[in-house]
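Engineer: based on what follows, work out the 3D shape:
(chains A and B)
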Amino acid sequence: MKNKSFRYIGIILSMLILMSACSEKETTEKSSSEVTSVSETDNQNQTVELKVWAEEYDFDLMNMMIESFKQEYADEASFEITIEANSESETKDNVLSDVHNAADVFLIPDDQLSVMVASGALEPIPDAEAVSSRNTPESSESATINGKMYAYPVTADNGYFLYYNKKYFSEKDVQTLDGILEIAKKNKKKFSMELTSGWYMYAFFGNTGLEMGLNDDGVTNHCNWNSTEGEIKGTDIAKAMLAVTKNSGFESREDGLFVEGVADGSIIAGISGVWNSVDVKKSWGDDYGACKLPTYTCNGKQIQMASFTGYKMAGVNYYSQNKDWAYKFADWISNEENQKLRFVERNQGPSNINAAASDEVTESPAIKAVIEQSEFGVLQRVGNKFWDPCADFGAVMAAGNPDNIDLQELMDKLANGISAAITE
Amino acid sequence: MKIKGSIKISILLIVLILGGVSVFSNAVAIKNIKNVNTSAEKITDEYMVSISKLNDIRTITQEIHNMSLSHIVATDFDTMLDMVEKIRESEDLLNSKLEEYKQYMSDSKDYDSLKESVDNLEYYIPDLLAYSAAGDNENAYSCANNQIAMYADEISDKISVITENTSLETEQARASLSEVYNDSVVMSRTIIAISAAAFAFAVVIVLFRVARPLSIATKGMNEIIRDIDNGQGDLTKRIKIVSNDEIAALGIGINKFLEKLQNILKVISDNAQNMEAVVSDVMVSVDTSNKSVEDVSNVTNELSATMNTMSESASVINQSTSDMEEKVNAIADRTNTINEYSKEMKVHADEIELSARTNMENTTKKVNDMLTILKKAIEDSESVNEVSALTNEILSIARYTKLLSINASIEAAKAGEAGKGFSVVASEIGSLANSSRECADKIQRINEIVINAVTNLSENSGELVEFMSACILPEFEAFVKSGEEYRNKATFIENSMDEFNERIIEFQHSMIQISESIDSIANSVNESAKGVNMVTERTNILVDDMNRITDKMDVNKNISSSLKAETDVFAKL
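Structural biologist: Next up is the predicted model:
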């Protein structure tokens, strides 16, 4: 009797359970589609393509660095790194005119940094602390905006100084510009500088007590080079410049043509930077001399010629297709080893603390001259509107003011042009 | 009527059926709710959300467009950089929103098209920023107003189309939701009917198999209890069993219990009576004990009093003993002093005797010496007599010499000149003889004097010595004898005192012993007194215990009475 009952109970129970279970199954299953994100950007053993911009005279140097970089990372990827010629002073324009096709890695002087950052072409570098600590504080500072580092310092010698041929000049001779011009004139040779570039032209204005600089907005300039007050007025400088340019020993020449003149012997002194030191040394040999800029005569006084100082740094294009590798490459070409190499090959002063402390660097005449001159120089911080007015003014000065334009008028035009708003 | 079968099984069956029906109906209900929920979710989570996301995408695109224009008009570096950062953030947000939206797209073609437009927009933004930063506003504005604007519009249009399609799909989902709802209602109604039937069946089973047998058993129990309450308890009565299941088993159990209870109560009743008897006996014994204890108590009190008296006496004796001890000590001290004094006396006596003796001896010796010397002196003095003889001789010599000299002179004269010298010599010798003769005379005279003196001296000395020997020495002897006697007496006293001292010391010891004994007697008395006190205490405790036993016995008596009363409830045991 009991067994039968148990059997009945068992049957009913299992039926009920089955019916419940069936009704559960019918609930729809929500399909959760998983989005599998492919996040691999740099696969191992992929071919990484990078484009690099450099000055033509730095091609050999850059190729050496590329080779060493390839070796360093040979087991992680294979590389196809191409170099294109690019003038460092034009990097900003070249990048910003076509960001998508610009190089992945390029070199810029420090004055171009802020515009590059404002355009979004540069972003804060990934390993800022390490990079900052291995370079001199000033060079790291020049690559930093609002506390963030945007590029890798490479050189700390972006200034200019006086090159002179010791065959014609003694150390005393090169103290004054008048002295230099006289000797050049006497020997029917030339002293050259790129007067039509605001960068070099600044030399005549920097130590006169007149002011020119970047405003707080970071894009416009203030400028009183046309001042009619004070010990030295704007017109005094114009007069001084004309006195120089009218001397037959003077020639205004583009920096690129300076070494040509040195090579053919027509130029026995000139203003340029360390980038030409190797070529100049090759031409003048033991007569190769370098020192700070001379003084020039202005309103009867000897005024020390000023200069712009600066640093060069390697930047990585934000829009690079291989940004990670681009950063690694930029880091590579700016490291201690390659900065040393840069000095050895191209005589460019390193920003790396260890490299700069070496004997060869501290004893290089060009580097010494840069350091000496840097005392009278300032960091180049000018807005975009600085260059064109200077170029125009410089051209008139170089030509000797053939139309006899009123000097004050010229100075006004220059000053107003420099301090114009960016929308003009 | 006896019904066969197990209640457990029946109830289990009922519970299973009801439970199963409940589970089944709830499961079906859940299924229906899930269906409804799925449809609703689809509407809210998919369609609504996707529309919302599309709007977000449109909004962000607009923002990016506006920010890029802001970058162009910015006049300072910080604003430009700020815009760049914001545009980057917005681009990231845009891309993530687009990615999120992908799952809502049924048609991937639409999504790809939208993505393409977004990519295009994002392609031209960097150009705009570059132109703007470089100051090339012309190109910057151109870019903004052409490519950027174009793609922004494109994105907006595509979003509108997609939104419209999504709305259509929402409507369809709503319709299917209603259908599902209706189906659910029908299903639920069917389940309710089935549940009602199962419930009715359960009620019938419970009534017949559970309720009826239970009520019969309960009635029987109540009867028995009622009888007990009325004092007519009948433990021979039993409960009626009408079935053959768990309830029947319960009834049988109760009947067995009643049987056992019957037996136990019988035992209790008998024992209650026994206990009563025992209690009475104990009470009698307790009374006797109480009386004995009283006697003991009285005795110990007396004993205690005696102890006290003895203690006092001992104290008194102790005090007397102490006084005596003090006096004895005083005597001992005094004795000591006398003893010391007698010793001194003896010493002194010894000294006196010794001194007297010594003096006597010395004196005797001296006297003897003196005598000896005197005798010798006398003997020697007799030699003076010889002096006379000698002087006589000298005189004779002198005479002879004179003769000689005379002779010599005669001869010298005879010799004449040669004898001058010799005559001188002879005269000299004659002188010499004269001198000698004079001298010898003198000597003789003196010698006589001396002899007289010596004789005198000798006589007087003899008298002195006699006197010393006859008078002084005996005195000394007597003195010595006195000293001796004195010394003997002192010795005697000393010895006596020594003896006396010893006795006193012995006496002292005895006193100490007596004192100690008295102390120990006093201690013993105290101890005894303590003991007696303890006995008294114990006796008191014993009395208390006796009283307690008495109380307890009373309680027991009450217990047995109440037990008896309880069992009286049962008329039949």
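Engineer: chain A versus B:Ala140, what's the distance?
Structural biologist: For B:Ala140, the distance to chain A (Cβ to the nearest Cβ, to the nearest Å) stands at 10 Å. Where C-beta positions appear, they are placed from N, C-alpha and C, glycine not excepted.
Engineer: where does chain A have its least confident helix or strand?
Structural biologist: Of all helical and strand segments in chain A, the minimum by mean pLDDT, DSSP states H and E falls on helix A:2-25, at a mean of 60.
Engineer: report the next helix or strand after it in sequence order.
Structural biologist: Once the chain leaves helix A:2-25, the next helix or strand it forms, by DSSP states H and E, is strand A:47-54.
Engineer: that following strand packs against which elements?
Structural biologist: Packing partners of strand A:47-54 (3 or more Cβ pairs under 8 Å, 6 or more residues apart in numbering or on different chains; DSSP states H and E): helix A:59-72, strand A:78-85, strand A:105-109, helix A:323-333.
Engineer: not counting its own residues, what contacts that strand?
Structural biologist: For strand A:47-54, contacts defined as Cβ atoms under 8 Å, 6 or more residues apart in numbering or on different chains pick out A:42, A:61-62, A:66, A:77-86, A:91, A:94, A:102-107, A:320-322, A:325-326, A:329.
Engineer: for the residue most central in space within chain A, list each beta-bridge partner.
Structural biologist: Nearest residue to the geometric centre of chain A (Cα atoms, centre = their mean): A:Pro109, 1.4 Å. Under DSSP bridges, the beta-bridge partners of A:Pro109 are A:Lys312.
Engineer: and it, how far is that from A:Ser142?
Structural biologist: To A:Ser142, A:Pro109 is 9 Å away according to Cβ to Cβ, to the nearest Å.
Engineer: need the overlap of contacts for the two.
Structural biologist: Here A:Pro109 and A:Ser142 share the contacting residues A:Gly310, A:Tyr311, scored by Cβ under 8 Å, 6+ apart.
Engineer: and the closest residue to chain B within the stretch 251-400 of chain A, how many neighbours?
Structural biologist: Ranked by Cβ to the nearest Cβ, the top residue of the stretch 251-400 of chain A for proximity to chain B is A:Asn384, at 4.7 Å. By other Cβ atoms under 10 Å in any protein chain shown, the residues close to A:Asn384 number 17.
Engineer: need phi/psi at the nearest residue to it once chain neighbours are set aside.
Structural biologist: Distances taken as Cβ to Cβ, 6 or more residues apart in numbering or on different chains place B:Gly135 nearest to A:Asn384, at 4.7 Å, with adjacent residues excluded. With angles defined as degrees, to the nearest 10, B:Gly135 sits at phi 90, psi 0.
Engineer: residue contacts, B:Gly135?
Structural biologist: Residues near B:Gly135 by Cβ under 8 Å, 6+ apart: A:Val219, A:Asn384, A:Ile422.
Engineer: hang on, the first one packs against A:Phe386?
Structural biologist: No. Judged on Cβ atoms under 8 Å, A:Val219 makes no contact with A:Phe386 at a distance of 10.9 Å.
Engineer: contacting residues around stretch B:504-515?
Structural biologist: Against stretch B:504-515 from outside (Cβ under 8 Å, 6+ apart): B:Asn318, B:Thr321, B:Ser322, B:Met324, B:Glu325, B:Val328, B:Asn329, B:Ile331, B:Ala332, B:Thr335.
Engineer: where's the second one, which helix or strand?
Structural biologist: Under DSSP H and E, the secondary-structure element containing B:Thr321 is helix B:246-381.
Engineer: beyond that helix, next helix or strand please.
Structural biologist: Where DSSP H and E defines the elements, the next helix or strand beyond helix B:246-381 is helix B:383-415.
Engineer: before we move on, the earlier item: which strands or helices does the helix holding B:Thr321 pack on?
Structural biologist: helix B:7-41, helix B:212-229, helix B:420-467, helix B:473-568.
Engineer: ok, now with 6 Å
Structural biologist: Applying 3 or more Cβ pairs under 6 Å, 6 or more residues apart in numbering or on different chains; DSSP states H and E, we find helix B:246-381 packed against helix B:212-229, helix B:420-467, helix B:473-568.
Engineer: buried residues in the first one?
Structural biologist: Of all the residues in helix B:212-229, those buried under the rule 16 or more other Cβ atoms under 10 Å in any protein chain shown are B:Pro213, B:Ile216, B:Ala217, B:Gly220, B:Ile224, B:Asp227.
Engineer: burial check on the nearest residue to the second one once chain neighbours are set aside, number of neighbours?
Structural biologist: Nearest residue to B:Ile216 in three dimensions, chain neighbours excluded: B:Val242, at 5.4 Å (Cβ to Cβ, 6+ apart). B:Val242 sits with 15 neighbouring residues when counted by other Cβ under 10 Å.
Engineer: separation between B:Val242 and B:Leu81?
Structural biologist: Using Cβ to Cβ, we find B:Val242 at a distance of 100 Å from B:Leu81.
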